[in-house]
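> Just the structure for this:
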Amino acid sequence: MIRGIGREIRKAVKDAAKTEGISVGTWVRRSIVQGLDAAANGSTTFVELSKDVRMIAARLTVLEKSHRELHQKVHAADTLTSISSIEKRRKWRRT
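Prediction:
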């Protein structure tokens with residue numbers, strides 16, 4: 001007897017149990033245990049996702065650092081270019 005469950009679900013459970021050749025109680029118990037196992041395994045997936053997020057964060061930190069360094073080099077090169085162009089202008093005016 002399955003109380004609080006609609007007719008369609010009850011019929012599906014009875015049919016599934018009959019197909020497997022086991023009682024409804026055994027089928028329900030096994031399904032509950034499988035559901036609990038799946039829920040427990042879900043936390044393992046969460047742990048794996050946490051590790052992946054930490055790895056991505058570390059990689060992002062490295063990328064940001066290399067981006068800053070590259071930006072500084074480019075900015076320094078622009079500064080040198082602008083200084084040399086200013087000097088060229090001064091030399092041009094003198095002659």
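> quick one: I5 and S31, what's the gap?
12 Å (Cβ to Cβ, to the nearest Å). Glycine gets a C-beta too; all of them are placed from N, C-alpha and C.
> Show me what counts as buried in stretch 10-29.
For stretch 10-29, a neighbour-count test (16 or more other Cβ atoms under 10 Å) marks V13, A17, W27, V28 as buried.
> Off-centre distance for it?
Here stretch 10-29 is found 38 Å from its chain centre; the criterion is Cα atoms, centre = their mean, to the nearest Å.
> Could you work out the end-to-end span of it for me?
Length of stretch 10-29, first residue to last, Cα to Cα, to the nearest Å: 14 Å.
> tell me the mean pLDDT over that stretch?
Mean pLDDT, computed over stretch 10-29, is 88.
> Ok, stretch 62-70 next?
The pLDDT scores in stretch 62-70 average 86.
> again with stretch 32-48
Rounded mean pLDDT across stretch 32-48 is 74.
> Now do the host helix or strand of V33: distance to the chain's middle.
V33 belongs to helix 24-94 when assigned by DSSP states H and E. In terms of Cα atoms, centre = their mean, the centre of helix 24-94 is found 11 Å from the chain centre.
> Perfect, I'm done here.
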